[in-house]
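In: sequence unknown, structure follows:
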């Protein structure tokens, strides 16, 4: 409950103006109760970030483990990823401001998310890469890194009005380009 309350405060009031005291008050708990679970606000923020990452990577992981054809899976992965990031920005509108300013806090979140996504994508490409002619030239790690790099390049579009549809469109192109490279055509 403390994490959910803190997430709401971070989203509406901002990280800087949210204190351990405001978290405790909004949670209807005493400050000591909050300190029993978390040493400081930074620890609560990290817990909020971890929860947000799980909300994004959970559906993506399920999709990547599905039995679908590689082209279908990575196409849907890109679309779903953009939608989930768009949902995160809707839940936390202050992220949009931090994101557009390249705030270091957002970069840390993006780095954690990238590591989690690489753990999702490498096994996906490992399962499907041996089926191609170029498997000796391109590793699953290469494919995962390239694909994720292309997708991440479109993340800033989510900060613009109607940017979600453009980000989804470009994620489809990214999937298509990677599939062409893998197939060698």
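Out: Yes, it's here. Because the structure is a prediction, the values reported are computed rather than measured. Numbers count the residues shown, from 1 in each chain.

In: now the helices for the chain?
Out: For the chain, the helices defined by DSSP state H occupy 2-12, 20-27, 31-37, 41-64, 70-91, 93-100, 104-128, 140-152, 163-183.

In: just put the ones you listed in TSV and tack on mean pLDDT.
Out: Converted to TSV, the helices of the chain look like this (pLDDT from 0 to 100):
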stretch	mean pLDDT
helix 2-12	90
helix 20-27	94
helix 31-37	93
helix 41-64	92
helix 70-91	93
helix 93-100	62
helix 104-128	89
helix 140-152	94
helix 163-183	91
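
In: contacts only, for the residue nearest to residue 76 when sequence neighbours are not counted.
Out: Leaving out its chain neighbours, the residue that sits closest to residue 76 by CB to CB, 6 or more residues apart in numbering is residue 63, at 5.9 Å. In short, each C-beta sits where N, CA and C put it, glycine included. Neighbour list for residue 63: 73, 76-77, 80 [criterion: CB atoms under 8 Å, 6 or more residues apart in numbering].

In: residue 146 now?
Out: 178, 181.

In: same question for the one 5 residues further on.
Out: Contacts for residue 151 (CB under 8 Å, 6+ apart) come out as 78, 81-82, 171, 174.

In: what's the domain layout of this structure?
Out: Following automatic domain parsing, the chain resolves into domains at 1-39, 47-183.
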